[in-house]
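1. mind looking at a prediction? Sequence and model below.
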Amino acid sequence: MRRFTVPLAVCAVIGLSAVPIGTAQAAQASTTAAAAAAVKPLAASGVSGWTETGSSLQSTLTAGEGVATVDPAGGSPYVLYRGLGSVPVGLAAAGWTHVGDPDSASGYIIDAYQNSSSSSNEKMFQVTTPSGATYQYVHTLVPGELYNNSFDAISPDRQWMVSGEWGTMSHLQIYPTPLLNPTTSQDGGSLDLSGYIQLDHQVNDVQGCDFVTSTELICASDDSSETLFSNAKPLLEVDLSAALSGTSVTGHVVDLGSIPQESICSGTFEAEGVDYDPSTGILRVEIIQPSVCAVVTTVYQYKQSS
């Protein structure tokens, strides 16, 4: 996650206000509501199998790390965003300074936290229940595992969770979903790996994934090198050999095309979170704009092509 200082004039040009970190929670709610009303129709995209239906702008401070649809029982569904300003002060003070792309199931929210120290041998997943209670599940790194904790994606049956590291990888990680899987503690504690999704093609810098079906994930790669794929910032489909059951499976990687890179600023974009809402069929993909426009994250919306 990049850190930046943006002139107020730039914020005004792109239609956002500067938000202090201390007011991140309130700003997040107001930004989400405003964005829902500001979604604008756009032309069809070049992402294979998906049609772009619109986009919205979000504050990177409160939305530049990830996105998830939350559907609480008895309540109204809403879109949740995470950014640098979303990290609670207490977690930051404990060294959990980076939050990744979250996911949600049955109103439960799971956030992926990364330690500020690259020498850390732990990563942490925090569960927030529909009632607002929070529980922390800490995973101790296995040999060869990187400390990065970029995202989490909950399987449709709620029992398994996929996560990922950074850099060039040939696998994604599988965990029992903390709290929701009955094999895990009901009040926090340790969390062990269950297995891997062994990929048939390497991926690089995956920032977010979400399940579309029990055997299909959509993932956003922040790779601009065009060494693994022929296009920059590829949106990837990962087709699993079987639905997750607690053991390793294989994953077939398909390049669907590039995440759009559109801005009044020039420079390097940063692909971020992914969310699929099964109730509406909407796929959301985030990308942070470049240079001084990095205050803004564009959220593209897609529907599966008929």
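-> Everything's here; your move. Numbering: from 1, shown residues only.
2. worst mean pLDDT across the helices and strands of this protein, which element?
-> helix 24-38 (a mean of 37; mean pLDDT, DSSP states H and E).
3. C-terminal to that one, what's the next element?
-> Using DSSP states H and E, the helix or strand that follows helix 24-38 towards the C-terminus is strand 50-59.
4. who are the packing partners of that following strand?
-> For strand 50-59, the elements it packs on are helix 24-38, strand 282-288, strand 296-304, judged by 3 or more Cβ pairs under 8 Å, 6 or more residues apart in numbering; DSSP states H and E. For glycine as for every other residue, the C-beta is placed from the backbone atoms N, C-alpha and C.
5. flag every buried residue along that strand.
-> By neighbour count on 16 or more other Cβ atoms under 10 Å, the buried set for strand 50-59 is W50, T51, E52, T53, S55, S56, L57, Q58, S59.
6. please save the CA atoms from that strand in CSV.
-> The C-alpha coordinates for strand 50-59 follow below in CSV (Å, rounded to 0.1, in the frame of the first residue of the first chain):
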residue,chain,number,x,y,z
TRP,A,50,-17.7,-10.1,-18.2
THR,A,51,-19.3,-6.9,-19.4
GLU,A,52,-18.4,-3.6,-17.7
THR,A,53,-21.6,-2.0,-16.4
GLY,A,54,-20.3,1.1,-14.5
SER,A,55,-17.7,2.5,-12.2
SER,A,56,-17.4,4.7,-9.1
LEU,A,57,-14.7,6.7,-7.3
GLN,A,58,-13.7,5.9,-3.7
SER,A,59,-11.3,7.6,-1.3
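7. between strand 296-304 and that strand, find me the angle.
-> Relative orientation of strand 50-59 versus strand 296-304 (axes from the mean of the first three to the mean of the last three Cα atoms, to 10 degrees): 160 degrees.
8. the closest residue to T128 other than its chain neighbours sits in which helix or strand?
-> Spatially, and ignoring its direct neighbours in sequence, T128 is nearest to I109 (4.3 Å; Cβ to Cβ, 6 or more residues apart in numbering). Using DSSP H and E, I109 sits in strand 108-115.
9. quick check: the residue positioned nearest the centre of the chain vs C265, distance?
-> For the chain, D101 is the residue whose C-alpha lies nearest the centre (Cα atoms, centre = their mean; 2.4 Å). Applying Cβ to Cβ, to the nearest Å, the value for D101 to C265 is 23 Å.
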